[in-house]
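Chemist: Make a model of this:
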Amino acid sequence: MQALEEAAEREPDTERQGWLRQSANYLGNAGRDLAVEIGATAINRQMGM
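Modeler: I've put the predicted structure just below:
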């Protein structure tokens, strides 16, 4: 994600810059969602659910 943000900062084409930033945001959100799901599954297993 950091690499995409850095690439967006260096990109002179505004359309491509926007695409790079959107990609970084999407990957960041997907990673967060995955971490939440994994955490919830682990907690549920410990509680015997």
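Chemist: Okay, Glu15 and Gln22: tell me how far apart.
Modeler: According to CB to CB, to the nearest Å, Glu15 and Gln22 sit 11 Å apart. Where you see a C-beta, it was placed from the backbone N, CA and C, and this is true even at glycine.
Chemist: and those two? which has more neighbours close in?
Modeler: When Glu15 and Gln22 are compared for neighbours, Gln22 comes out ahead with 12 against 8, by other CB atoms under 10 Å.
Chemist: Could you look up the SS state of the more buried one?
Modeler: Here Gln22 takes the helix state, with states given by DSSP: H, G, I helix; E, B strand; the rest coil.
Chemist: And it, what's its pLDDT?
Modeler: At Gln22, the pLDDT value in this model is 91.
Chemist: So Gly48, which state does it fall into?
Modeler: Three-state call for Gly48 (three-state DSSP): coil.
Chemist: For the most centrally placed residue in the chain, pull up the helix or strand it's in.
Modeler: Centroid-nearest residue in the chain, with CA atoms, centre = their mean: Gly28, separated by 1.3 Å. Gly28 is part of helix 14-46, with elements assigned from DSSP states H and E.
Chemist: Same check on Ala7?
Modeler: Per DSSP H and E, Ala7 falls inside helix 2-10.
Chemist: repeat for Pro12
Modeler: For Pro12, there is no host helix or strand (DSSP H and E).
Chemist: Ramachandran angles for it?
Modeler: phi -80, psi -30 (degrees, to the nearest 10).
Chemist: what's the burial count for Leu4?
Modeler: Counted by other CB under 10 Å, the residues lying close to Leu4 total 18.
Chemist: ok, it - contacts?
Modeler: Leu20, Arg21, Ser23, Ala24, Leu27 (CB atoms under 8 Å, 6 or more residues apart in numbering).
Chemist: which of these are buried?
Modeler: Leu20, Arg21, Ala24 (16 or more other CB atoms under 10 Å).
Chemist: could you check the distance from the second one over to Met47?
Modeler: In this structure, Arg21 and Met47 are separated by 39 Å, where distance is defined by CB to CB.
Chemist: Gly31 now?
Modeler: 25 Å.
Chemist: before we move on, the earlier item: what's the average pLDDT for the helix holding Ala7?
Modeler: pLDDT averaged over helix 2-10 gives 86.
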